[in-house]
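Asks: sequence first, then the predicted structure:
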Amino acid sequence: VGEKALCIAGQKKLFAYLSKKLNTTDYIVHKKLHFELIGLALLSHNLFIFGQNEIDLNELLPIIDNAISLLRKYGYTENLPELLFDRCYLYYKLEYKKEYEKALDEAIAISTFFLGTEKTDKLIKWLENKND
């Protein structure tokens with residue numbers, strides 16, 4: 001099994017673990033999973049960065065989408081900006097024009113709120129360069 005497959009399997013296992021644990025109503029369990037949720041964001045973003053040329057984009061999109069939905073559901077919005085721009089890139093490459101426009105507006109709004117205008121402008125420039 002290659003590194004790519006191990007990374008994907010690890011992300012999917014972490015996502016499944018978090019989904020199962022967070023499905024409880026136990027506040028203590030939720031608080032204890034803080035680092036795992038942040039880890040999910042980092043792992044998913046790194047999978048995008050290092051895997052975009054090696055992983056089929058149709059396989060990469062649900063990985064990013066699942067991480068975004070779980071982080072959003074449990075209030076980890078501040079960990080979303082990079083993932084939201086990752087998703088925009090995937091929508092662009094997969095030619096999902098409607099989804100791209102909507103996702104870009106959301107990415108810019110959340111990124112500006114949490115990271116500020118300067119860092120958001122850098123993410124927009126990064127996306128524009130990737131889309132050329």
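Replies: Okay, I see it.
Asks: which residues touch the most centrally placed residue in the chain?
Replies: Centroid-nearest residue in the chain, with Cα atoms, centre = their mean: Leu83, separated by 3.2 Å. Residues in contact with Leu83 (Cβ atoms under 8 Å, 6 or more residues apart in numbering) are 41, 44-45, 48, 64, 67-68, 71. Using the backbone N, CA and C atoms, a C-beta is placed for each residue, glycine as well.
Asks: which helix or strand lies directly C-terminal to the helix or strand harbouring it?
Replies: Counting by DSSP states H and E, the element that carries Leu83 is helix 81-93. Downstream of helix 81-93, the next assigned helix or strand under DSSP H and E is helix 97-115.
Asks: so which elements touch that next one?
Replies: In this structure, helix 97-115 packs against helix 81-93, helix 117-131, with contacts taken as 3 or more Cβ pairs under 8 Å, 6 or more residues apart in numbering; DSSP states H and E.
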